[in-house]
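Chemist: All I have is the shape, not the residue letters:
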C-alpha cells in the first residue's frame, strides 16, 4: 500500500470531517458541533477559514484528525448527486464517509499486519480481506453497506485470531 492510498486530500473533499462528524468543546475543539452541521469555520468553498491558526484558537483535534482518504473517496462517489440541495442525499454522503473511514482504518490495520510473521494461511486470508476492502473503498458503487459490514466483521474476527495466535 502506498502513502497516497491512505493520504487525506482535502482539495478533493467537501469538508466532510467538518460537517459529518460531531465534536464537543474540549481541549481539542473550540465549540460543540452536532453531526450534519457545518463547523463555524468551514467556508463556502469547503475549506477551513482558520486553518493557519487552528491550534492557537483551540482546535488541536482538527490538527490531529486524519480520515485516511475517506473524505475524497466519499466526495467522488457523490459528486454527481445533489447532496447540497437534498438533505437525504447529504445524510447518505455523511454515512458513506463514516463507513469509508472504518474501511480505511481496517485497510491500514491489515496492511500493517503484513509486517508480522504470518503463516501462509494467515497471509492469504489477510490479503483476501484487504482486496475486498480496497475494492469497496476505492469503488464508486452507491450501495456498499452490506458488503462493507460483512468484510469489517470478518476482518475484526481475523485480527482477533492473529492476536490470539501471537499470544501462544
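Modeler: Thanks, I have it. Here the structure is a predicted model, which means the values were calculated and not measured.

Chemist: from the chain's centre, how far out does stretch 52-68 sit?
Modeler: 17 Å (CA atoms, centre = their mean, to the nearest Å).

Chemist: wait, what's in contact with residue 91?
Modeler: Residues near residue 91 by CB atoms under 8 Å, 6 or more residues apart in numbering: residue 36. For every residue, glycine as well, the C-beta is placed using N, CA and C.

Chemist: quick one: it is in a helix?
Modeler: Yes - assessed by DSSP: H, G, I helix; E, B strand; the rest coil, residue 91 belongs to a helix.

Chemist: Now do it against residue 11, distance only.
Modeler: 24 Å (CB to CB, to the nearest Å).

Chemist: Same check on residue 150?
Modeler: From residue 150 to residue 11 the distance is 32 Å (CB to CB).

Chemist: So which of these two has more stuff around it?
Modeler: The neighbour comparison of residue 150 against residue 11 (other CB atoms under 10 Å) goes to residue 150, with 12 against 8.

Chemist: so which strand or helix has the spatially most central residue of the chain?
Modeler: The residue lying closest to the centre of the chain (CA atoms, centre = their mean) is residue 101, at 1.8 Å. If you go by DSSP states H and E, residue 101 is part of helix 87-113.

Chemist: Counting neighbours, what do you get for the residue nearest to residue 66 when sequence neighbours are not counted?
Modeler: Spatial nearest neighbour of residue 66, chain neighbours left out: residue 8 (5.7 Å); criterion: CB to CB, 6 or more residues apart in numbering. Using other CB under 10 Å, residue 8 is surrounded by 17 other residues.

Chemist: you'd agree residue 8 is up against residue 67?
Modeler: Yes - if you go by CB atoms under 8 Å, residue 8 and residue 67 touch, sitting 5.2 Å apart.

Chemist: What residues sit buried inside the helix holding residue 101?
Modeler: 90, 92-94, 96-111, 113 (16 or more other CB atoms under 10 Å).

Chemist: so how far is it off the chain centroid?
Modeler: 4 Å.

Chemist: Near the closest residue to residue 28 other than its chain neighbours, how many other residues are there?
Modeler: Nearest in space to residue 28, with sequence neighbours left out and distances taken as CB to CB, 6+ apart, is residue 61 at 2.9 Å. By other CB under 10 Å, 16 other residues sit near residue 61.

Chemist: For the protein, just list every one of the helices.
Modeler: 3-6, 60-64, 70-77, 87-113, 120-138, 145-167 (DSSP state H).
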